[in-house]
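Undergrad: Need coordinates for the below:
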Amino acid sequence: MRILGIGKNELFALLIALIVLLGLYKYFGSVNATAIGATILAGIVLSFYFVLEKTYLFYLLLVCLIPLSVDIGIVGEAQVNSPSEVMILPLLAVLMLFHRDYGKTLKQTITHPISILLAMDIFWQLIVTLTSSHMDISFKRWVIHTIFIVGFFTTITILKDPKRLLKVWMAYVVGLVPVMLITFDNFRIQEFNPRTVFSISKPFFPDHTVYGACLAFIIPLLILCCMHWRKLNWKSWQLVGLFVVSLVAIGSEFIALSRAAILSLAIALVFGLFLHWKMRFKTLLLGLVGIGILVFAVQGQIYEYFEETDAVSNDGKVSNHLTSVTNIQTDASNLERVNRWVCAVRMFEDRPILGYGPGTYQFEYNKFQTTEFKTHISSNKGEKGNAHSEYLTYLSEKGLLGGIIFLLIVFGAIYFGMKNHELLKDPLLRLLNLGVLLGLITYFFHGIFNSFMDQSKMAFLYFTGLGTLVWLSQIARNSSKNAA
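TA: Residues are numbered from 1 along each chain as shown. Here you go, the predicted model:
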């Protein structure tokens, strides 16, 4: 039966909508409040329909919105990066309850060494949470860390089509484009004053360092796609768009003026060249050990060289900002970073086995500061961030075993990324593997100077990068078995 061309199912839906509207009006008592409530409710209903019926598109939308998400307060002082972090939980619920492929993929990937290390990381962080000096804070950090791993690492592995895998990374780039344009416009409004770079990426990124780190992670993949665009079978207008976005990303990296991010790109370039010259993983390890021994042997001369650098990072001159990275005498930013590192080491020495617990560094480091290393920008209130090092954060908060697990993840990712590069034959998969591996290299280097793993914008890149390497490792292993 149809009334005015409307079927009974549509008529029933309209009747339900009318009853809901009347209920909302009865509850709120005003038209404006009813309209707002109806809009929110409609958004929730559409989101649930979208995630149930169009899960892959919902996932792409989530990824696209990660760079555009902003922090909003929820309960008390707690914040959530919305809408991306809000979308993760329903996505995971739908995958676990309604998608059989998700369970099958988990069974296949759970035995991979990187998956095992991440599971160990989750388990050990729970253990040190139970012994934390601030158990409530550590538990929240553990929950967030677990959601990031499950939400980003495992989700990427269910995509069987390589083109879909690349689209996920391109979705992040698409979301990053308006952020780059708005950041550039903010810089223009500030008359391109280098001293304003610390805040021009707000409200999307809290400061220029994490903004620069995320750009550095994605730039190698963009450049590789431009260099090997024929392998992607893209049309000419897509190539032009990709080339323009790549230029904007590179320009935005220099606008961000993050010294560690720019240096990390240089490290990634060197690593890429060595990989092109067929460097082996054992050779890389020996080289790193050799560099470590050399640095230790000539540390006196290196310190004397650093003493001669007088450029500072906040005097408004770009050249000084970049060269100030070696100034450990007068540059407040560098001196404060040393202060945080020393505090992290002292915290580790105080609790070497279990650490102080996830997320506790900023509440504990103050009592480990000394007048020898404190600067005029040091804080005694614990409100100014972390240890400025991913590695030292692990040691101070999760103890020796936590630090070892993180190091094993770092070198495990490099090992399997290099092995994938050697075994993969499909040009698209090789391109994707190399781009993600170089992105991870920028993060591993940047992690010496900063810690961003607890922020969803970097957590997505890091854990999805690991998931991508695992996904490609399985393909490479299967291809190798079939060839044999």
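
Undergrad: can you map out the helices along the stretch 151-300 of the chain?
TA: Ranges of helices within the stretch 151-300 of the chain are 155-156, 162-189, 208-227, 229-232, 236-256, 259-276, 281-297, 299-308, based on DSSP state H, counting those that start in this stretch.

Undergrad: Report pLDDT for residue 382.
TA: We have a pLDDT of 56 for residue 382.

Undergrad: i'd like the first residue to be 6 from this point on
TA: New numbering, starting at 6: the last item is residue 387.

Undergrad: where does the stretch 6-155 of the chain dip in pLDDT?
TA: For the stretch 6-155 of the chain, the stretches with pLDDT under 70 are 6-23, 25-26, 29-31, 33-36, 38-52, 78-83.

Undergrad: Strands of that one, start to end?
TA: Assigned by DSSP state E, counting those that start in this stretch, the strands in the stretch 6-155 of the chain fall at 7-8, 11-12, 75-78, 84-87.

Undergrad: Quick one: residues contacting the closest residue to residue 257 other than its chain neighbours.
TA: When the adjacent residues along the chain are set aside, residue 257 lies closest to residue 185, with 4.5 Å between them (Cβ to Cβ, 6 or more residues apart in numbering). The C-beta positions use only the backbone N, C-alpha and C, and glycine is treated the same way. By Cβ atoms under 8 Å, 6 or more residues apart in numbering, the residues touching residue 185 are 220, 253, 254, 257.

Undergrad: what distance separates the start and the end of stretch 450-461?
TA: Taking Cα to Cα, to the nearest Å as the measure, stretch 450-461 stretches 19 Å from start to finish.

Undergrad: any idea of the mean pLDDT in it?
TA: 89.

Undergrad: in whichever strand or helix holds residue 465, what counts as buried?
TA: Assigned by DSSP states H and E, residue 465 belongs to helix 461-488. Buried positions in helix 461-488, judged by neighbour count with 16 or more other Cβ atoms under 10 Å: 461-481.

Undergrad: The longest helix seen in the chain versus helix 286-302: what angle between them?
TA: Scanning the chain for the longest helix, with DSSP state H as the assignment, gives helix 395-428. Interaxial angle, helix 395-428 versus helix 286-302 (axes from the mean of the first three to the mean of the last three Cα atoms, to 10 degrees): 150 degrees.

Undergrad: Can you tell me which helices and strands helix 395-428 packs against?
TA: Applying 3 or more Cβ pairs under 8 Å, 6 or more residues apart in numbering; DSSP states H and E, one finds that helix 395-428 contacts helix 118-135, helix 286-302, helix 337-355, helix 366-369, helix 432-451, helix 461-488.

Undergrad: Run the chain-centre distance for the last one.
TA: It refers to helix 461-488. In terms of Cα atoms, centre = their mean, to the nearest Å, the centre of helix 461-488 is set 16 Å apart from its chain centre.

Undergrad: How about stretch 454-466?
TA: 4 Å.

Undergrad: Give me the distance between the two termini of it.
TA: OK, stretch 454-466 end separation, Cα to Cα: 18 Å.

Undergrad: mind checking how far the residue lying closest to residue 107 once chain neighbours are set aside is from residue 438?
TA: Leaving aside its sequence neighbours, residue 107 sits nearest to residue 100 (Cβ to Cβ, 6+ apart; 4.3 Å). With distances taken as Cβ to Cβ, to the nearest Å, residue 100 is found 24 Å from residue 438.

Undergrad: and the two? which has more neighbours close in?
TA: Counted by other Cβ atoms under 10 Å, residue 100 and residue 438 do not tie: residue 438 has more neighbours, with 26 against 23.

Undergrad: which residues touch that one?
TA: 422, 425, 426, 429, 473, 474, 477.

Undergrad: How much space separates the third one from residue 255?
TA: When distances are taken as Cβ to Cβ, residue 426 and residue 255 turn out to be 24 Å apart.

Undergrad: do the last one as well
TA: Here residue 477 is placed at a distance of 26 Å from residue 255 (Cβ to Cβ).

Undergrad: Also the fourth one?
TA: Distance check for residue 429 against residue 255: by Cβ to Cβ, it reads 27 Å.

Undergrad: same deal with residue 416?
TA: Here the criterion is Cβ to Cβ. By it, residue 416 lies 29 Å from residue 255.

Undergrad: again, but for residue 442
TA: Counting by Cβ to Cβ, the gap from residue 442 to residue 255 is 19 Å.

Undergrad: So between those two, which is more surrounded?
TA: Using other Cβ under 10 Å as the criterion, residue 442 and residue 255 rank with residue 442 on top: 26 against 15.

Undergrad: For the residue lying closest to the more buried one once chain neighbours are set aside, give me its contacts.
TA: The spatially closest residue to residue 442, leaving aside those adjacent along the chain, is residue 422, at 3.5 Å (Cβ to Cβ, 6+ apart). Contacts here follow Cβ under 8 Å, 6+ apart; on that basis residue 422 touches 438, 441, 442, 445, 474.

Undergrad: now those residues in a markdown table, with pLDDT and distance to residue 352?
TA: Formatted as a markdown table, those follow (pLDDT from 0 to 100; distance: Cβ to Cβ, whole Å):
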| residue | pLDDT | distance to residue 352 |
| --- | --- | --- |
| 438 | 95 | 37 |
| 441 | 96 | 33 |
| 442 | 96 | 32 |
| 445 | 97 | 27 |
| 474 | 94 | 31 |
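
Undergrad: from those, which is closest to residue 138?
TA: Using Cβ to Cβ, residue 445 is the member of the contacts of residue 422 that lies nearest residue 138, at 31.5 Å.

Undergrad: With adjacent residues omitted, what lies nearest to that closest one?
TA: Residue 445 sits nearest to residue 470 (Cβ to Cβ, 6+ apart), 4.9 Å away.

Undergrad: Let me see the contact set for that neighbour.
TA: Residues near residue 470 by Cβ under 8 Å, 6+ apart: 222, 418, 441, 444, 445, 448.

Undergrad: Which pair of those spans the longest distance?
TA: 222 and 418 (13.0 Å).

Undergrad: residues shared between the contacts of those two?
TA: Common neighbours of residue 222 and residue 418 (Cβ under 8 Å, 6+ apart) are 445, 470.

Undergrad: Those two: who's more crowded?
TA: The neighbour comparison of residue 222 against residue 418 (other Cβ under 10 Å) goes to residue 222, with 29 against 24.

Undergrad: Name the nearest residue to that one, sequence neighbours excluded.
TA: In this structure, residue 222 finds its nearest non-sequential neighbour in residue 444, 4.1 Å apart by Cβ to Cβ, 6+ apart.

Undergrad: doesn't residue 223 make contact with the one you found?
TA: Yes: using Cβ atoms under 8 Å, residue 444 is in contact with residue 223, at 6.4 Å.

Undergrad: Now list whatever residues contact both of these two.
TA: With Cβ under 8 Å, 6+ apart as the test, residue 444 and residue 223 both reach residue 466.

Undergrad: quick one, what contacts the closest residue to residue 104 other than its chain neighbours?
TA: In this structure, residue 104 finds its nearest non-sequential neighbour in residue 60, 6.8 Å apart by Cβ to Cβ, 6+ apart. The contact partners of residue 60, by Cβ under 8 Å, 6+ apart, come to 96, 99, 100, 104.

Undergrad: If we use 10 Å, what do you get?
TA: Residues in contact with residue 60 (Cβ atoms under 10 Å, 6 or more residues apart in numbering) are 96, 99, 100, 103, 104, 107, 160, 163.
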